[in-house]
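# Fold the following for me, if possible:
(one chain, ligands or ions: 1)
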Amino acid sequence: MSGTKCPQCDVELKKCLIQQNYSMVMCPNLACSYPFNERDALSSTVYTKDSEILDAAKKRLRQEEQKDGGES
Ligand SMILES: [Zn+2]
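Alright, predicted model coming up:
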């Protein structure tokens, strides 16, 4: 779910895992408290499949590998 912008400050929203299989779409902008200042904050809680979590973890791992095995 990338490319979703915060309706309050226009920063790209980040998906944050809050518990197993649930993530919350949050604004990474520290000056902005979206979605916690919204009455329907819970509506931004989305079910996250294991495969999606695994995918994110794999991507992170790959990035780490690239960092280590760079052209040094
Ligand atoms: Zn924001």
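# Show me what the residue nearest the centre of the chain is bridged to.
Central residue of the chain (C-alpha atoms, centre = their mean): residue 15, 2.1 Å from the mean position. Beta-bridge pairing for residue 15 (DSSP bridges): residue 25.
# how about it, what does it touch?
Residue 15 sits next to 1, 23, 24, 25, 26, 46, 48 when contact means C-beta atoms under 8 Å, 6 or more residues apart in numbering. All C-beta atoms are positioned from the backbone trio N, CA, C, and that covers glycine.
# Out of the helices and strands in the chain, which is least certain?
strand 45-47 (a mean of 72; mean pLDDT, DSSP states H and E).
# how close does residue 6 get to the ion?
3 Å (C-beta to the ion, to the nearest Å).
# what's the neighbour count on the nearest residue to that residue once chain neighbours are set aside?
Take residue 6 and drop its neighbours on the chain: the residue closest to it by C-beta to C-beta, 6 or more residues apart in numbering is residue 27, 4.3 Å away. Around residue 27 there are 23 other residues, counting by other C-beta atoms under 10 Å.
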